[in-house]
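K.L.:
what would the 3D arrangement of this be:
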Amino acid sequence: MTITTPMIDRPMTRRTAPATIAPRALRPARTTTGCPFEPEPGAAVSVREWKGEEDLAQFASLVPTSARPESFHLQTRTARFGAFDVTYMVHGPMRIEAAADNFGHDVKTLRMIVVLDGEVVLRAGDTLHGEHATLRRRDGALVLGWAPVTYTAAAPARVVVVDVPVDHDALMGLPETAPFVVGGSETALLSALAAFALDLLRQDVDTLTPAVRAQVTDSLESLFSGTVSTLAVPSGGDWNRRSQRMHVVRYIATHYADPQLGPTTLAAHLGMSKRSLQRLFEGEKMSVSQLVQAKRVDQVLLRLRDLRYSGTSLDELAVLTGFGSALALRRAVQAATGRTPSALRQEAQSGSTIG
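P.N.:
Coordinates of the predicted model:
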């Protein structure tokens, strides 16, 4: 396997020759992570290439895969944004077996697949009685990582995959009724998610500030959970409750800076009573108020550690993050970290100086 630093090519028309990611530099290396769909430890982005019999054996030891050794070729570019692992794949004919191993991740994982070019077949169960679906250009699927699903491409393909732990707050208890759910090219959010993911991977990820990464992650989270809501097949009242919870989480992610945001305003936005909103989150890890507070704390911590905001007063940060006052901001930061905002800023400045 080799690790390269490529430029991601623009969308292309169908072709018979394998698509490649054109490298600017090349250096041999072996992957050190146990999952090829996660960045290397300590890296913001990892670009990998597997080619030929030896690399097929190595890749198959990580993710059970079959292919013709002499024609096996797979290139990936992976970056992590929050809990999301985003991967752009270019590969030749291959089959990823039904391992039900969460795609190599060490936690229960949900995967969104969007085909950019080529054709991919998903299959659960045997040929006669199992479920199967063929994904073509701009089609996509939501796949459960713990379900035995095979992924087969008889010809070269370009694919975007986004992996996220199933217990992520944006999913809020996804129903587990089918091994995969398919969306066609007419599903606008699928194309939007794929385009956004590609744009992210085109960026120089290492140069993104913590605040920018947080904003990017919020956008990715909103697109992903919105696409999940679009694709998931309703299964009665339980799914409706989960769908409503995901909508609440998305709304908080985009409106946390509003100091009036809370159970009352959220209930009014959703057209329900405050009590009904609170019942939606009974048994969950956090209440509505706690979700709002946690989002604001995350955002202010990112800005306190971002040197671009070193000249921004606490009053201004309070406005940007929805706390409303410097006093409320200080109390929230100290409750969450045990440190004062000024101490966190000093640590960030010291770390930058040392680096």
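K.L.:
only C-alpha atoms for contact and neighbour calcs from this point on.
P.N.:
OK.
K.L.:
does Thr78 touch Thr87 like I think?
P.N.:
Yes - assessed by C-alpha atoms under 8 Å, Thr78 is found in contact with Thr87 at 4.3 Å.
K.L.:
any stretches of the stretch 51-200 of the chain with poor pLDDT?
P.N.:
In the predicted model of the stretch 51-200 of the chain, residues 126-129, 169-177 satisfy pLDDT under 70.
K.L.:
if you could redo that for the stretch 251-355 of the chain, that was the one I meant.
P.N.:
Scanning the stretch 251-355 of the chain for pLDDT under 70 picks out 351-355.
K.L.:
which residue packs closest to Leu301, ignoring adjacent ones?
P.N.:
Spatial nearest neighbour of Leu301, excluding adjacent residues (C-alpha to C-alpha, 6 or more residues apart in numbering): Val333 at 7.5 Å.
K.L.:
before we move on, the earlier item: now list whatever residues contact both of Thr78 and Thr87.
P.N.:
Both Thr78 and Thr87 are contacted by Phe37, under the criterion C-alpha atoms under 8 Å, 6 or more residues apart in numbering.
K.L.:
circling back to that earlier point, the residue nearest to Leu301: neighbour count?
P.N.:
By the other C-alpha atoms under 10 Å criterion, the neighbourhood of Val333 contains 20 residues.
K.L.:
is it fair to say it lies in a helix?
P.N.:
Yes - the assignment for Val333 by DSSP: H, G, I helix; E, B strand; the rest coil puts it in a helix.
K.L.:
quick check: it vs Thr227, distance?
P.N.:
For Val333, the distance to Thr227 equals 33 Å [C-alpha to C-alpha, to the nearest Å].
K.L.:
kindly list the longest helix within this protein.
P.N.:
Longest among the helix segments of the chain by residue count, using DSSP state H, is helix 210-231.
K.L.:
now that one: mean pLDDT?
P.N.:
Averaged across helix 210-231, pLDDT comes to 83.
K.L.:
could I have it exported to PDB, CA atoms only?
P.N.:
Taking only C-alpha atoms (Å, rounded to 0.1, in the frame of the first residue of the first chain), the coordinates of helix 210-231 have been written out as PDB:
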ATOM      1  CA  PRO A 210     -11.000  24.800  15.100                       C
ATOM      2  CA  ALA A 211     -13.900  27.200  14.700                       C
ATOM      3  CA  VAL A 212     -14.100  26.500  10.900                       C
ATOM      4  CA  ARG A 213     -13.900  22.800  11.500                       C
ATOM      5  CA  ALA A 214     -16.800  23.100  14.000                       C
ATOM      6  CA  GLN A 215     -18.900  25.000  11.400                       C
ATOM      7  CA  VAL A 216     -18.100  22.400   8.800                       C
ATOM      8  CA  THR A 217     -19.000  19.600  11.100                       C
ATOM      9  CA  ASP A 218     -22.300  21.200  12.000                       C
ATOM     10  CA  SER A 219     -23.100  21.500   8.300                       C
ATOM     11  CA  LEU A 220     -22.100  17.900   7.600                       C
ATOM     12  CA  GLU A 221     -24.200  16.800  10.600                       C
ATOM     13  CA  SER A 222     -27.300  18.600   9.300                       C
ATOM     14  CA  LEU A 223     -26.900  17.200   5.800                       C
ATOM     15  CA  PHE A 224     -26.300  13.700   7.100                       C
ATOM     16  CA  SER A 225     -29.200  13.600   9.500                       C
ATOM     17  CA  GLY A 226     -31.500  15.300   6.900                       C
ATOM     18  CA  THR A 227     -30.600  12.600   4.400                       C
ATOM     19  CA  VAL A 228     -31.200   9.900   7.000                       C
ATOM     20  CA  SER A 229     -34.700  11.300   7.600                       C
ATOM     21  CA  THR A 230     -35.300  11.300   3.900                       C
ATOM     22  CA  LEU A 231     -34.200   7.700   3.300                       C
END
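K.L.:
fine, thanks again, bye for now.
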